[in-house]
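Colleague: kindly generate the corresponding structure for this input.
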Amino acid sequence: MEGAQVIQEDAVTRLFEPDLITPDQHRDRVQMERTDQPEIRLMLAVMEDAVATYQRYASEPGRRNRRLFEEAESWIKSTDTSWPYSFENICAALRFEPETLRKGLEEWRTQREQGGRAMYRFPFRRVNGKRHSISLRDRSMRKSA
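Modeller: Take a look at the predicted model:
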């Protein structure tokens, strides 16, 4: 009978023992999101800016606007992979299909020129990362020098 009591005590004791795992076991279970990596976030910002510039200046008159559109268009159409922030490399890092994105932008532009579609407003909202704000305190609360 005493053996059964010892087994029950061991079972109860094990319920309250902490689980021990090694750091390697912990890393296997917890993985960082790709968008938490600063270089991936920068690549996403570059892509967002290029697409926004392409759409904003697609049919805007003016030399400056035309030049900005042409720069964005040539970057998007380029298949160069020799530098890290080329369109192809950013698409690979963000897991986008470059040809699909190019085709979609070209279709958007064609429809825009035919009077069909207005500029697309980006619904992007940063849900990760840090937001900084600078606020000025009331002058009466400032310390005098």
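Colleague: what ranges in the chain fall below the confidence cut-off?
Modeller: Within the chain, the set of residues satisfying pLDDT under 70 comprises 1-9, 17-18, 25-36, 116-145.
Colleague: which residues of it fall in helices?
Modeller: 2-15, 23-29, 38-56, 63-77, 87-94, 98-113 (DSSP state H).
Colleague: now tabulate those in JSON lines and tack on mean neighbour count.
Modeller: For glycine as for every other residue, the C-beta is placed from the backbone atoms N, C-alpha and C. Output for these, formatted as JSON lines (neighbours: other CB atoms under 10 Å):
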{"stretch": "helix 2-15", "mean neighbour count": "9"}
{"stretch": "helix 23-29", "mean neighbour count": "9"}
{"stretch": "helix 38-56", "mean neighbour count": "16"}
{"stretch": "helix 63-77", "mean neighbour count": "14"}
{"stretch": "helix 87-94", "mean neighbour count": "17"}
{"stretch": "helix 98-113", "mean neighbour count": "14"}
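Colleague: from L68, how far off is E107?
Modeller: The gap separating E107 from L68 is 21 Å, by CB to CB, to the nearest Å.
Colleague: typed the wrong thing, it's P98
Modeller: When P98 is compared with L68 (using CB to CB), they lie 21 Å apart.
Colleague: and what of R109?
Modeller: For R109, the distance to L68 - CB to CB - is 14 Å.
Colleague: please name the residues that touch S74.
Modeller: By CB atoms under 8 Å, 6 or more residues apart in numbering, S74 lies in contact with nothing.
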